[in-house]
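> Generate a structure from the sequence data that follows.
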Amino acid sequence: MHDQDALRYHRYPRPGKIEVTPTKPCMSQADLSLAYTPGVGVPCLRIKDDPDASFDYTSRGNLVGVITNGTAVLGLGHIGPLAGKPVMEGKAVLFKRFADLDVFDIEVNTTDPDEFIRTVELLEPTFGGINLEDIKAPDCFYIEDELSRRMSIPVFHDDQHGTAIISAAALLNACELTGRRLETTRVVINGAGAAAMACAKRYIQLGVAPDNLLMVDSKGVIFQGRQAGMNPYKAAFARQTSLRTLEQAARGADVLVGLSVKGAFTPELLAVMAPKPIVFALANPDPEIDYHQAKAARPDAIVATGRSDYPNQVNNVLGFPFIFRGALDVRATTINEQMKQAAVLALAKLAREDVPDSVLRAYGGQPIHFGPEYLIPKPLDSRVLLAVTPAVARAAVESGVARVGLPEPAAYLQALEARLGPEREIIRKIIIRAQQHPKRIVLPEGDHPVIMRAAHQAAAEGVARPILLGEPQRIQATAAGLGLSLEGVEIVDNLNSPLYDEFCDQLFALRARKGWSREETRRQLRHRYVFGAMMVRQGLVDGQVHGVAHSYPDAIRPVLWVIPRRPDVAKVSGLYLMVLRQRTLLFADATINIHPSADDLAEIAMLSAEMARFLDMRPRVAMLSFSNFGSTRHPDATRVQRAVEIVRQRQPELTIDGEMQADTAVDEMILGERFPFNRLGGPANVLIFPELSAANMAYKLLDRLGGATAVGPILMGLTKPFNVVQRGADMETVANVIALTVAQAKAQTPA
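Numbers count the residues shown, from 1 in each chain. The predicted model follows:
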């Protein structure tokens, strides 16, 4: 990175990194009268009578104040509040990006702690929580303690507690990997600032014996009776010891934590530590010892730093957004020790779980497993929100500092998923539905790592009872290499199955008059897609998911060979669920039928409407064309018109209209003003394309350029739940499609 790159980033296309965006419309006189006078007076009076109503009628409950006086900005020192503003804006971006929390950054021009405290105290009506930032020690201790005592909203100094929480989670896992018990582990902390003291307190609360923890500052070990450079905060960590130097303290130590300066640790220092030492060199931007230098000096060491280009980055972003999210969601009055400890345990637990492909892609695509180089989750792992936030909120409720109760767990997870993106909320609904009635889903590509990881996740979440097809020893060996537990996952060896001959007879009877000989039947049945499909056909399992290893046409063909269509369906079709920030759309048919007839289009429309209802959407179906309601006379437009007529004859209750252009279908203004006679009653949410090419191009462009998320493809018209994912699909996609297949199986099961 060059200085000019950083300056350009912060200056263009508009200065700074944040802006205020309205959440309500203000386009008309009616909107204006509600947003301001006279309508705004109504919530004002409601809040006057009940101050807690401010959380209901204003943004206060989702608003954090990031406040500094600029006396200890990053590694830059006392540069003042104005120079620290870019850092505060950066913190605002992280709050929004990771936890959907809004921020006002406030830079206070004073170095007087009492003046700072009074200023922040007076801002309580504005915010749901206060994040103190970049305030020098020991002022920061006094400021946080006083504000926490005076204010009835959470106050959190991230420079102290963030590092403590994240490094404590790393310490917990490092001790497990090295076979240590916390109560007998010897810890040395080099540094005596805000973060160091918070780390010491957190480690002791985690289980480290106080007498086994030594703190070292620039003058040496902090021991009982020392006079030089002491203050009341350091005195709390003074120990009865004859050790005086960092070198003496480190001899035989199990853990060495650096919160000091570059170069404070040497290879010689690490050499005198205990076997399998744990070294956290957390100075930023340059650690106390380079990661590779530390590993060269002690290959048996577990090493963490604050840098993203080394393993085990101790990054505060794993803490503060999610801690505040949980605190604000239950309107906590403070962030107490129980809430901080809950965050530690949740982070440590999450690091031991399988890592999603989305995280692997963000970090170069290489496998990541719990171990010496992966102690804590990666900062870009979206699961942290779903793991840490509920734990913090639960701790707030259980410790009595919450104003409101914890939402029902499934509903709360769904709300948190929605903050990650609307598609996550939809998928969470499907997962919850699947968890209520988990089904047996066969996965023919059983030895494929992506499939195995998806099966592991589906079983662990109670979404499905997965069945992997393949050679058992190979599957078990691959699972061991991935560090996966296959508990709850069944393995079936299709080639040696006692069902093989029986399936062969049944499949031959099915395909004998479609050109298959018995020999051809036996050959085809060796293909796991076909064998799995036969398991579904015979009712031995409830559905099938496959496709990661083959092209879509090759993957779908075995399904069509074996699984019959529904009696009322002429052709199988497919759709994509397209999720945008403000709306959700269904696109059909984007996968199978190249040039559907009017009858085909009508059938696709009715099946898509059925799928919309399955997804809890009230279908408004638009039949798309290049023509608007007869504006162009052409056979292709006439074909779409005829499809609309057929649907109205067969399902007169269905809301459908067309033919119409795509912008007409989704733009309420065009529909209402230019074509007030339309029957949709609002923008369409189900779009039926006239040809495969149009649908395929539309969904891919919207996916790549329009910021939409494509979920699917979803097959329609079969008697059994089958879904074929695109070749190369990632683990999360497969796991989501497994959940969808389970939900479809439940919907097809007679009550």
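
> Start from the N-terminal end of the stretch 601-750 of the chain and give the helices.
With DSSP state H, counting those that start in this stretch, the ranges of helices along the stretch 601-750 of the chain come out as 635-650, 662-666, 668-674, 692-705, 731-748.

> in the fourth one, what's buried?
By neighbour count with 16 or more other Cβ atoms under 10 Å, helix 692-705 contains the buried residues Leu692, Ala694, Ala695, Asn696, Ala698, Tyr699, Leu702. C-beta here means a position set from N, CA and C on the backbone, and glycine is covered the same way.

> again with the longest one
Of the residues in helix 731-748, 731-746 count as buried by neighbour count, 16+ other Cβ under 10 Å.

> Of those residues, just say which sits nearest to Gly706.
Using Cβ to Cβ, Thr733 is the member of the buried residues of helix 731-748 that lies nearest Gly706, at 18.7 Å.

> Distance-wise, check that closest one relative to Ile475.
The spacing between Thr733 and Ile475, counted by Cβ to Cβ, to the nearest Å, is 21 Å.

> what sits against the nearest residue to Ala434 once chain neighbours are set aside?
With Cβ to Cβ, 6 or more residues apart in numbering as the criterion, Ala434 has its nearest non-adjacent residue at 3.8 Å, and that residue is Val742. Each residue near Val742 by Cβ atoms under 8 Å, 6 or more residues apart in numbering is listed here: Arg433, Ala434, His437, Pro438, Lys439, Ile441, Val463, Ala464, Asp542, Gly543, Pro721.

> Could you list the low-confidence segments of the protein?
Applying pLDDT under 70 to the chain flags the ranges 1-2, 361-362, 364, 421-423, 749-751.

> Show me the domain layout of it.
Using automatic domain parsing, the domain ranges for the chain come out as 3-153, 162-314, 430-562, 573-717.

> Nearest to Val397, out of those domains?
Closest to Val397 of the domains of the chain, according to Cβ to Cβ: domain 3-153, at 15.9 Å.

> can you map out the helices along the stretch 401-550 of the chain?
For the stretch 401-550 of the chain, helices defined by DSSP H, counting those that start in this stretch occupy the ranges 409-420, 422-436, 449-460, 472-482, 500-511, 518-525, 528-537.

> check contacts around Val120.
Val120 is in contact with Gly65, Ile67, Val108, Ile130, Leu132, Leu147, Met151, counting by Cβ under 8 Å, 6+ apart.

> Just those: which are in strands?
Counting by DSSP state E, the part of the contacts of Val120 found in strands is Gly65, Ile67, Ile130, Leu132.

> just to revisit the earlier point, of the domains of the chain, which is nearest Leu406?
Set against Leu406 and scored by Cβ to Cβ, the domains of the chain come closest in domain 3-153, at 15.1 Å.

> What is the distance between the closest one and the centre of its chain?
Computed by Cα atoms, centre = their mean, to the nearest Å, the chain-centroid distance of domain 3-153 equals 25 Å.

> can you check stretch 731-741 too?
In terms of Cα atoms, centre = their mean, the centre of stretch 731-741 is set 15 Å apart from its chain centre.

> who touches it?
Contacts for stretch 731-741 (Cβ under 8 Å, 6+ apart): 354, 356-358, 427, 430-431, 433-434, 439, 441, 443, 450-451, 453-455, 457-458, 463-464, 466, 542-545, 548, 711, 714, 721-723, 725, 729.

> from those residues, which would you call buried?
354, 356-357, 427, 430-431, 433-434, 439, 441, 443, 450-451, 453-455, 457-458, 463-464, 466, 542-545, 548, 711, 714, 721-723, 725, 729.

> beta partners of Leu469?
Following DSSP bridges, Leu469 is listed with bridge partners Val492.

> which ones are touching it?
Contacts for Leu469 were tallied using Cβ under 8 Å, 6+ apart; they are Val442, Leu443, Pro444, Glu445, Gly446, Val492, Asp493, Asn494, Arg528, Phe531, Gly532.

> mind checking how far the closest residue to the fifth one other than its chain neighbours is from Met452?
For Gly446, the nearest residue in space outside its immediate sequence neighbours is Leu468; the separation is 3.1 Å by Cβ to Cβ, 6+ apart. Computed as Cβ to Cβ, the Leu468 to Met452 distance reads 7 Å.

> List the buried residues for stretch 563-575?
Here stretch 563-575 shows Ile563, Val569, Lys571, Val572, Ser573, Gly574, Leu575 as buried, counting by 16+ other Cβ under 10 Å.

> quick one: stretch 413-424 to chain centroid distance?
On the basis of Cα atoms, centre = their mean, stretch 413-424 sits 8 Å off its chain's mean C-alpha point.

> I would like the residues contacting it, please.
99-100, 325, 382, 385-386, 389-390, 407, 425, 427-429, 432, 577, 579-581, 584, 709, 711.

> Whichever of these end up buried, select them in ChimeraX.
In ChimeraX, this line selects whichever of the contacts of stretch 413-424 come out buried by 16+ other Cβ under 10 Å:
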select :99,100,325,382,385,386,389,390,407,425,427,428,429,432,577,579,580,584,709,711
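
> Could you measure from Arg565 over to Ser573?
Distance, Arg565 to Ser573, by Cβ to Cβ: 10 Å.

> okay, and the common contacts of these two?
Taking Cβ under 8 Å, 6+ apart as the contact rule, Arg565 and Ser573 both touch Gly717.

> And the furthest pair within the buried residues of helix 692-705?
Among the buried residues of helix 692-705, Leu692 and Leu702 lie farthest apart (Cβ to Cβ), at 15.8 Å.

> Distance of Ala236 relative to Tyr9?
Between Ala236 and Tyr9 the distance is 42 Å, computed by Cβ to Cβ.

> same question, Met623
Distance, Met623 to Tyr9, using Cβ to Cβ: 46 Å.

> Please say which of the two ends up with more neighbours.
Counting neighbours by other Cβ atoms under 10 Å for Met623 and for Tyr9 shows that Met623 has the greater number, 28 against 10.

> which ones are touching Lys295?
Lys295 is in contact with Ala301, Val303, counting by Cβ under 8 Å, 6+ apart.

> I believe it is in a strand; please confirm or correct that.
No: going by DSSP: H, G, I helix; E, B strand; the rest coil, the assignment for Lys295 is helix, not a strand.

> which of the contacts of Val742 lies closest to Thr305?
Of those, the one sitting nearest to Thr305 (Cβ to Cβ) turns out to be Val463, at 36.9 Å.

> how about the helices of the stretch 401-550 of the chain in a markdown table, adding distance to Leu318?
A markdown table is the format used below for the helices of the stretch 401-550 of the chain (distance: least, Cβ to Cβ, whole Å):
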| stretch | distance to Leu318 |
| --- | --- |
| helix 409-420 | 16 |
| helix 422-436 | 19 |
| helix 449-460 | 21 |
| helix 472-482 | 24 |
| helix 500-511 | 50 |
| helix 518-525 | 50 |
| helix 528-537 | 40 |
